[in-house]
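In: how would this look folded up:
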Amino acid sequence: MKSFRHRLLTTILIWIGVLLAGLLIVIGQLFPIYAETHNTAEVWLMLFFVFVVAMIFSAIIGYRIIQVQALPVENVTQTALELAKGNYRARAFEYSNVGTVELSSTINILARNLQEITAIREMEQERLKTLIENMGSALIMIDRQGGITLVNRSFMQEFQLAAEDIDGKFYKEIRIPYELERFIEQVFMTETAARNQLEFKQGIHSKHIDVYGAPVLGEHEQWLGIVIVSHDITELKRLEQIRKDFVANVSHELRTPVTSIKGFTETLLEGAYKDPATAFSFLEIIEKESNRLEMLIKDLLELSKVEQAGFRVDAVPTNMKNLIERVGEMVERRLEEKNIQLKLQLEPVIVQGDPNRLVQVMMNLLVNAISYSTSRTAITVRLYQQDGEAVIEVEDQGIGIEASEIGRLFERFYRVDRARSRNSGGTGLGLSIVKHLIEAHHGNVKVESEVGVGTTFTIHLPLAS
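Out: Residues are numbered from 1 along each chain as shown. The predicted structure follows:
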């Protein structure tokens with residue numbers, strides 16, 4: 001730009017010089033004639049005046065030339081420099097000068113196109129960033145040297161990392177499970193896509209992830225690094241294990257009474273029926289096992305019903321104090337058999353619930369507490385209001401539950417003490433039914449326990465409006 005202005009200014013100065021030289025030649029030709037009739041002072045004054053007028057006229061013409069030719073080019077050049085810096089909002093003045101208007105217009109069209117392209121690119125980058133940040137799977141990208149170039153929020157949450165743990169670090173420097181580190185090394189070494197399911201410890205719990213890794217290739221198949229995507233499948237593994245345990249437990253629970261019934265029936269048929277005392281004893285056992293089998297099938301059907309999608313309870317205003325007292329009378333015989341005292345600390349509370357289902361809930365909780373309590377202990381049931389909810393507590397002085405087992409307490413067929421549950425006739429489905437029924441009432445149930453001290457089940461239910 002400066003060189004253009006210098007060249008233009010030089011051209012103007014040369015033009016002025018030529019003009020002055022011509023003027024001087026003309027004056028030189030006229031000077032002798034004029035000097036004969038005028039004195040010398042007047043002649044030199046006239047020459048000075050002519051020179052000043054010529055300079056002013058030349059300056060006006062030069063300034064006009066610069067305005068017309070140099071300024072539009074300078075403005076276009078400044079606009080081009082701004083575009084080169086990335087300022088795509090810059091625009092050139094579109095002068096009416098025929099020589100530069102097309103150049104200015106073209107620069108402005110280029111600027112508008114670059115601005116539109118940049119806006120589209122920024123929008124696409126924002127979409128991609130939002131997608132990566134909010135995807136359910138954890139993602140990490142690693143460059144050729146092993147440096148971390150990109151991680152999303154899910155990865156940081158899954159492996160309990162902070163931004164300062166990742167910035168400018170290599171993947172070997174961050175706290176990730178050893179199993180995942182080995183998988184990353186495998187993808188690095190082979191430069192081929194791979195998939196695997198990894199299991200590792202996170203605190204006291206086991207975690208399972210489904211991980212996929214692949215090389216990142218640029219133009220001309222240039223290897224740029226690798227990308228690792230992992231998905232937490234711990235819950236899926238847990239559900240799969242529950243399904244396996246459910247099938248195994250159902251098979252076992254059904255096989256035990258069926259085997260007993262079949263065995264004693266065969267013994268009776270082989271001649272034991274001839275001894276009345278033996279036959280009566282065997283028939284009592286058969287009846288007991290039949291009742292147990294019937295109870296198991298009944299609980300299985302009940303659990304299947306409450307687990308179905310769309311299951312609802314017939315909720316009406318229910319006097320929870322009267323309901324608990326009625327359930328206490330129903331388990332009175334069992335309490336007397338084990339010499340267990342039932343303490344009721346009940347406030348008048350009206351809940352929004354299904355009376356029949358709530359009887360079932362309280363019955364299962366009290367039977368469970370009796371089954372796991374020793375003789376000469378007490379079971380306390382409390383009922384009160386708190387924070388706009390009804391709270392029911394069932395506290396026993398039984399064997400208690402290990403902290404590691406509390407999370408599995410509401411699983412189907414899960415038992416803390418299998419021998420004691422089986423001897424008491426339990427099916428292992430009662431607490432699972434309780435959990436589903438309470439959730440159907442839009443409530444929740446929690447467990448607190450200490451081994452050798454006892455267990456407390458706490459239920460929260462909505463109050464009647």
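In: output the below-cut-off pLDDT ranges for the chain.
Out: Scanning the chain for pLDDT under 70 picks out the ranges 1-44, 46-48, 50-51, 54-55, 58-59, 61-71, 95-100, 308-310, 412-427.
In: biggest strand in it by residues?
Out: Scanning the chain for the strand with the most residues, using DSSP state E, yields strand 205-217.
In: now the element after that strand, going C-ward?
Out: strand 223-232 (DSSP states H and E).
In: buried residues in that next one?
Out: 225, 226, 227, 228, 229, 230, 231, 232 (16 or more other Cβ atoms under 10 Å). (Each C-beta comes from the backbone N, C-alpha and C, glycine too.)
In: of those, closest to residue 388?
Out: Among those, residue 232 lies closest to residue 388 (Cβ to Cβ), at 34.9 Å.
In: is the closest one in contact with residue 211, as I believe?
Out: No - counting by Cβ atoms under 8 Å, residue 232 sits too far from residue 211 to count as a contact (10.3 Å).
In: helices and strands around the helix or strand hosting residue 241, which ones?
Out: According to DSSP H and E, residue 241 maps onto helix 234-269. Counting contacts by 3 or more Cβ pairs under 8 Å, 6 or more residues apart in numbering; DSSP states H and E, helix 234-269 is packed against strand 205-217, helix 276-307.
In: would you mind finding the most buried of the ones you listed?
Out: Burial of the helices and strands packed on helix 234-269 is given as mean neighbour count (mean count of other Cβ atoms under 10 Å); strand 205-217 ranks first at a mean of 16.
In: give me the angle between that one and strand 223-232.
Out: Between strand 205-217 and strand 223-232, the angle comes out at 150 degrees (axes from the mean of the first three to the mean of the last three Cα atoms, to 10 degrees).
In: note down every partner strand of strand 205-217 and its orientation.
Out: strand 194-202 (antiparallel), strand 223-232 (antiparallel) (DSSP bridges).
In: quick one: which of these is nearest residue 304?
Out: Across the strands paired with strand 205-217, closest to residue 304 is strand 223-232 (Cβ to Cβ), at 28.6 Å.
In: can you show me the helices along the protein?
Out: 2-37, 40-65, 71-85, 98-134, 153-158, 178-190, 234-269, 276-307, 320-330, 332-338, 355-371, 403-406, 418-423, 430-440 (DSSP state H).
In: including distance to residue 465, could these go into CSV?
Out: Converted to CSV, the helices of the chain look like this (distance: least, Cβ to Cβ, whole Å):
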stretch, distance to residue 465
helix 2-37, 83
helix 40-65, 88
helix 71-85, 66
helix 98-134, 38
helix 153-158, 39
helix 178-190, 51
helix 234-269, 35
helix 276-307, 24
helix 320-330, 15
helix 332-338, 34
helix 355-371, 17
helix 403-406, 33
helix 418-423, 39
helix 430-440, 18
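In: what's next to the longest strand of the chain, contact-wise?
Out: 138, 141, 158, 180, 183-184, 186-187, 191-201, 223-234, 236-237 (Cβ atoms under 8 Å, 6 or more residues apart in numbering).
In: hmm, back to that, just so I know, which of the strands paired with strand 205-217 lies nearest residue 447?
Out: Among the strands paired with strand 205-217, the nearest to residue 447 by Cβ to Cβ is strand 194-202 (22.7 Å).
In: list the buried residues in the closest one.
Out: residue 198.
In: so what are the domain limits for this structure?
Out: Described in terms of automatic domain parsing, the domain architecture of the chain consists of the residue ranges 2-116, 135-232, 237-307, 316-462.
In: which one of the ones you listed is the most hemmed in?
Out: Comparing those by mean count of other Cβ under 10 Å gives domain 316-462 as most buried, with a mean of 17.
In: stretch 306-323 spans what distance, first to last residue?
Out: 21 Å (Cα to Cα, to the nearest Å).
In: centre of the chain to it, how far?
Out: 34 Å (Cα atoms, centre = their mean, to the nearest Å).
In: name the surrounding residues that touch that stretch.
Out: With Cβ under 8 Å, 6+ apart, stretch 306-323 has contacts from 305, 346-355, 357-359, 362, 383, 390, 392, 433, 436-437, 440-441, 461, 464.
In: likewise stretch 139-149?
Out: Contacts of stretch 139-149 (Cβ under 8 Å, 6+ apart): 132, 150-152, 154-155, 166, 168-172, 174, 184, 188, 216, 223-229.
In: what distance do you get for residue 251 to residue 185?
Out: The gap separating residue 251 from residue 185 is 43 Å, by Cβ to Cβ, to the nearest Å.
In: could the helices and strands packed on helix 234-269 be laid out in TSV, adding distance to residue 404?
Out: TSV is the format used below for the helices and strands packed on helix 234-269 (distance: least, Cβ to Cβ, whole Å):
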stretch	distance to residue 404
strand 205-217	9
helix 276-307	24
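In: so which of the strands paired with strand 205-217 gets nearest residue 265?
Out: Residue 265 lies closest, by Cβ to Cβ, to one member of the strands paired with strand 205-217: strand 194-202, at 46.7 Å.
In: just the CA coordinates of the closest one, formatted as CSV?
Out: The C-alpha trace of strand 194-202 is given here as CSV (Å, rounded to 0.1, in the frame of the first residue of the first chain):
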residue,chain,number,x,y,z
ALA,A,194,-10.5,-53.6,18.8
ARG,A,195,-13.3,-54.2,21.2
ASN,A,196,-13.4,-55.8,24.6
GLN,A,197,-15.3,-56.0,27.9
LEU,A,198,-13.2,-55.0,30.9
GLU,A,199,-13.7,-55.5,34.6
PHE,A,200,-11.9,-53.5,37.3
LYS,A,201,-12.3,-52.4,40.9
GLN,A,202,-13.5,-48.9,41.7
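In: so which of the helices and strands packed on helix 234-269 is nearest residue 116?
Out: Here strand 205-217 is closest among the helices and strands packed on helix 234-269 (Cβ to Cβ), at 29.1 Å.
In: just how off-centre is the closest one within its chain?
Out: 17 Å.
In: check stretch 170-186 too.
Out: For stretch 170-186, the distance to the chain centre is 22 Å (Cα atoms, centre = their mean).
In: stretch 321-338 too?
Out: Counting by Cα atoms, centre = their mean, stretch 321-338 comes out at 47 Å from the chain centroid.
In: gap between the two ends of it?
Out: Across stretch 321-338, the terminal residues are separated by 25 Å (Cα to Cα).
In: sorry, back to before: out of the helices of the chain, which comes closest to residue 377?
Out: Residue 377 lies closest to helix 332-338 among these, at 8.5 Å (Cβ to Cβ).
In: just list what the closest one packs against, helices and strands only.
Out: strand 341-346, helix 355-371.
In: contact partners for residue 378?
Out: Counting by Cβ under 8 Å, 6+ apart, residue 378 makes contact with 340, 341, 342, 343, 397.
In: just flag the most distant two among the residues you listed.
Out: Pairwise over those, using Cβ to Cβ, the maximum falls at 342 and 397, 12.0 Å.
In: identify the contacts common to these two.
Out: Between them, residue 342 and residue 397 share these contacting residues under Cβ under 8 Å, 6+ apart: 378, 379.
In: ok, now how distant is the residue lying closest to residue 332 once chain neighbours are set aside from residue 371?
Out: Sequence neighbours aside, residue 342 is the residue nearest to residue 332 in space, at 7.8 Å (criterion: Cβ to Cβ, 6 or more residues apart in numbering). According to Cβ to Cβ, residue 342 stands 14 Å off from residue 371.
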